[in-house]
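Asks: this is a predicted model, with the sequence first.
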Amino acid sequence: MYADLDAIFRAHLSGTRAQQWTAKITEYYRSPGSSGYHAVTAFVANAIRDAGAEDVTEERYPLDGETEFLGRTMPPAWEPIEAALDLVVPRHARLLSFAETPSTLPWWCGSTADDGEIVEVVDVGRGLSRSDYGAKAVRGNAVLIRDSESRPAWAQAAGLAKEHGPAGIITDFLHSQTRPWRTREALPEAVQLLRLAPAWENPWAFAVGYDIAEMLSAAIRRGPVRVRARVSARTFKGEGINVMASIDGAERPEETVLFIAHTSAGTKPCANCAAGPALMIELCRAIRSAIRSGNLRRPLRSIRFLFVAEGLGSAYFLSTQRGALSNIKAAICLDSVGHSQSRLKSSLVHYRSPDSIPSYVNDLTLALIEELPKEADWPFLNGPMIPLVNFQTLPYTPWSDNHYWAGLRVPAPLFMSWPDLYFHTQLLTADNTDPVVFERSGRVLGSLAVGIARADESEAGPIMQEIARRAGSRFGKVARTVLQRMQEGAQIVPRAQREIRYLLKRDADAIYSVLDLVAGGDQKNRVRAFADQLVADLHAHANAELERLKTYKMAPDSAESFGERSSEADEIVPCHPADRLPPGVVGLSYDEQAELVDAMRGEDARVNWETLRIISDELWNFADGTRTLRDIADAICFEFGFEIQPTHILTLARGFERAGLFALNHQARAGGPHG
């Protein structure tokens, strides 16, 4: 697929230049609304204009803690100025400063008096329960909260701490740990950028490394510990800016393939966030250079580059441009696309657009990752066949702006690196990126964007065939898994039958989605007839696998073992307002979420805290007023490979209902479970 485009990007795209753009961006601290964020936004606007973009425009929106776009409240702007944390008792020592470790100040933390304040440090352990605070002298002092790994745990601990009235918070939380490399003990010096809940009044706060937290905790066990904190930070009414740059299409300029990256960042340097806008600048430069040189015909559709404050700019754009969203063929979201894989224990990852939006984009991207030329030659044949850059495809994951776009039904794959040894810490400098990785991601993403932008009826057929080929392979994999699991004593035939039917419907819809690239008239009719034939062949293939499954012997209790028993989930049909973005996990307390995670983990050991987020997003996206919770639970389990009961999805739906975001309508269904 698109070997000609790969050759063009090999000739015109430079990973070294992308790394240089990254280094420039990391010179600034880029919290939304801050002076550094505005400086970088102006920088990328000028850079992409110089790279040849034909139209560069700006739109501004308020960051005021009040304005809402599609249910998303814009937080106030926040900017750190300076800070230092010193140990006073039992000895004098500088612990850390903002100047040396910019990630130390959590977003939206408050300030001290100008000359600072001296307070006692109270160790509350993980601080996840009110009993951790008990009769301790928290009010007016600083609490030391220890690491618990997950983002929900940090939000819970910070919220409980604020309830008890401390002057400040000190913590060594490290998010998204990956054993054995990215752990609190393995990276003692790493300081994680954190966020407090956006508010005009918050305690001052410092994130510290494991070594500092261990020292403070040990000292507290021996006697009183006092620190001098000095924090200067601004929480204010500011504004965000969206920058849109274009390469106009030759025939259908209103139709768009959109690249998205954020000019905001967790901290300084934060090269992972900087890599996205840096590669967008280089992609624009490469495409325009290829067009000017005659190596590339101007595509039919426009290719546009949207620079946003992460999440916030997308919410504003989607709110104000809803009428034009149908013209966006894909929103390609870029994050950490240039990581050095050896230094950061990392891989490039394509996170698929969610199954709730069946689209050709997923299989087309997978084909490019697998089939485009790689970095090294095979000794027995000239040609780059051996990958030196690891590039994997994984299910939908709401790491960045992609989940907002998917929530409004725009296909939105996300590209980033994971694991990430230094994720959102002061250690993630631009020299931890790699030009070779930038070039591999740039060749795949550039080929994907231009391939979609130029596609017409002549290229629709091969894309459809690619989906059909992979769909047949997926049917066979389900059937093969049944045989493997039966040898282990498991009985999953009913589940496998449902999964094949689910995949058939999803992949047939993905094949028909290619028609969106074809003009009307006889041409579209011919392509539709070809799609009909491919889908008919898929039905035959799926039916053959289903017939084969009928021959497998099942244990008498196998139906009950895999969720076939009737339940309330068969009758509930959830729906939600159309004018809201996916809200994440809402309506459940921290303890209720913990109980739900434990219950799901009892059925599937792969479940963790982060699982709640991907399930919640797809629960929201699938809830269109026609599917029952049983249907949605099946779809989610097949998309992510979980084996959990529909009752757990119902618990999350009850949370949405409690938050006033879901209507859970009851609708009796004939025929028992699954209709």
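Replies: Alright, I've got the coordinates.
Asks: for the rest of this, base every contact and every neighbour count on C-alpha atoms.
Replies: Fine.
Asks: the most centrally placed residue in the chain in helix, strand or coil?
Replies: Nearest residue to the geometric centre of the chain (CA atoms, centre = their mean): residue 399, 1.8 Å. With DSSP: H, G, I helix; E, B strand; the rest coil as the basis, the three-state label of residue 399 is coil.
Asks: and stretch 315-322, average pLDDT?
Replies: Averaged across stretch 315-322, the pLDDT comes to 97.
Asks: could I get it in PDB with only the CA atoms?
Replies: In PDB, the C-alpha atoms belonging to stretch 315-322 read as follows (Å, rounded to 0.1, in the frame of the first residue of the first chain):
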ATOM      1  CA  ALA A 315     -13.500  20.800  22.600                       C
ATOM      2  CA  TYR A 316     -13.700  24.400  21.300                       C
ATOM      3  CA  PHE A 317     -13.200  23.300  17.700                       C
ATOM      4  CA  LEU A 318     -15.700  20.500  17.800                       C
ATOM      5  CA  SER A 319     -18.300  22.800  19.500                       C
ATOM      6  CA  THR A 320     -18.000  25.500  16.900                       C
ATOM      7  CA  GLN A 321     -17.500  23.400  13.800                       C
ATOM      8  CA  ARG A 322     -20.000  20.600  14.300                       C
END
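Asks: contacts for it next, please.
Replies: For stretch 315-322, the surrounding residues in contact (CA atoms under 8 Å, 6 or more residues apart in numbering) are 61, 69, 70, 72, 325, 404, 405, 408, 581.
Asks: most neighbours, which of those residues?
Replies: Among the contacts of stretch 315-322, the one with the most neighbours (other CA atoms under 10 Å) is residue 405, at 26 neighbours.
Asks: show me what contacts that residue?
Replies: So residue 405 contacts 314, 318, 331, 411, 412 (CA under 8 Å, 6+ apart).
Asks: quick one on the thing from earlier: residue contacts, the residue nearest to the centre of the chain?
Replies: For residue 399, no contacting residues are found, by CA under 8 Å, 6+ apart.
Asks: relative to residue 346, how far out is it?
Replies: Counting by CA to CA, to the nearest Å, the gap between residue 399 and residue 346 amounts to 16 Å.
Asks: what does residue 93 give?
Replies: Distance from residue 93 to residue 346, counting by CA to CA: 36 Å.
Asks: and what of residue 548?
Replies: Residue 548 sits 40 Å away from residue 346, going by CA to CA.
Asks: neighbour count for these two, which is higher?
Replies: Under the criterion of other CA under 10 Å, the comparison of residue 548 against residue 346 puts residue 346 first, with 19 against 11.
Asks: now do that one, the pLDDT please.
Replies: For residue 346, the model assigns a pLDDT of 96.
Asks: isn't it up against residue 339?
Replies: Yes: Residue 346 lies in contact with residue 339 (CA atoms under 8 Å); the separation is 7.0 Å.
Asks: pull up the overlap in contacts between the two.
Replies: Residues touching both residue 346 and residue 339 by CA under 8 Å, 6+ apart: residue 417.
Asks: looking at the contacts of residue 405, which is nearest residue 267?
Replies: The shortest approach to residue 267 among the contacts of residue 405 belongs to residue 314, at 19.9 Å (CA to CA).
Asks: max-length strand in the protein?
Replies: Longest strand in the chain by number of residues (criterion: DSSP state E): strand 77-89.
Asks: mind listing what's buried along that strand?
Replies: For strand 77-89, the neighbour count (16 or more other CA atoms under 10 Å) marks 77, 78, 79, 80, 81, 83, 84, 85, 86, 87, 88, 89 as buried.
Asks: now swap in stretch 311-322 and tell me
Replies: 311, 312, 313, 314, 315, 316, 317, 318, 319.
Asks: residue 343 contacts residue 432, correct?
Replies: Yes: here residue 343 reaches residue 432: they are 6.9 Å apart, a contact under CA under 8 Å.
Asks: which one's more surrounded, these two?
Replies: More neighbours surround residue 432 than the other of residue 343 and residue 432, with 18 against 13 (other CA under 10 Å).
Asks: these two touch, right, the more buried one and residue 337?
Replies: No: contact criterion CA under 8 Å: residue 432 and residue 337 do not qualify, at 11.7 Å.
Asks: number of nearby residues for residue 589?
Replies: Residue 589: 12 neighbours (other CA under 10 Å).
Asks: over to residue 427?
Replies: Neighbour count for residue 427, taken as other CA under 10 Å: 20.
Asks: residue contacts, residue 658?
Replies: Counting by CA under 8 Å, 6+ apart, residue 658 touches residue 587.
Asks: and it, its phi and psi?
Replies: With angles defined as degrees, to the nearest 10, residue 658 sits at phi -60, psi -30.
Asks: just list whatever residues bridge to residue 233.
Replies: On the basis of DSSP bridges, residue 233 is bridged to residue 80.
Asks: wait, doesn't it sit right on residue 109?
Replies: Yes: between residue 233 and residue 109 a contact is recorded at 7.4 Å, counting by CA under 8 Å.
Asks: the two: who's more crowded?
Replies: Taking neighbours as other CA under 10 Å, residue 233 and residue 109 compare with residue 109 leading, 29 against 19.
Asks: tell me the first helix or strand C-terminal of the helix or strand of the chain with the lowest mean pLDDT.
Replies: Lowest on mean pLDDT, DSSP states H and E among the helices and strands of the chain sits helix 558-561, with a mean of 46. Counting by DSSP states H and E, the next helix or strand C-terminal to helix 558-561 is strand 572-575.
Asks: outside of the next helix-or-strand element following that next one itself, list whatever touches it.
Replies: Counting by DSSP H and E, the element after strand 572-575 in chain order, helix or strand, is helix 590-603. Residues outside helix 590-603 that contact it (CA under 8 Å, 6+ apart): 152, 156, 607, 608, 609, 612, 643, 644, 645, 648, 651.
Asks: okay, buried residues for helix 590-603 please.
Replies: Under 16+ other CA under 10 Å, the buried positions of helix 590-603 are 590, 593, 596, 597, 598, 600, 601.
Asks: show me where the stretch 101-250 of the chain has its strands.
Replies: For the stretch 101-250 of the chain, the strands defined by DSSP state E, counting those that start in this stretch occupy 117-123, 142-145, 168-171, 204-207, 226-236, 238-247.
Asks: for stretch 452-465, give the mean pLDDT please.
Replies: Stretch 452-465 comes out at a mean pLDDT of 96.
Asks: what's the spacing between it and its chain's center?
Replies: 28 Å (CA atoms, centre = their mean, to the nearest Å).
Asks: got a list of contacts for that stretch?
Replies: Here stretch 452-465 has contacts from 249, 256-257, 298-303, 329, 360, 364, 511, 514-515, 517-519, 523-524, 527, 530-531, 534, using CA under 8 Å, 6+ apart.
Asks: much appreciated, bye for now.
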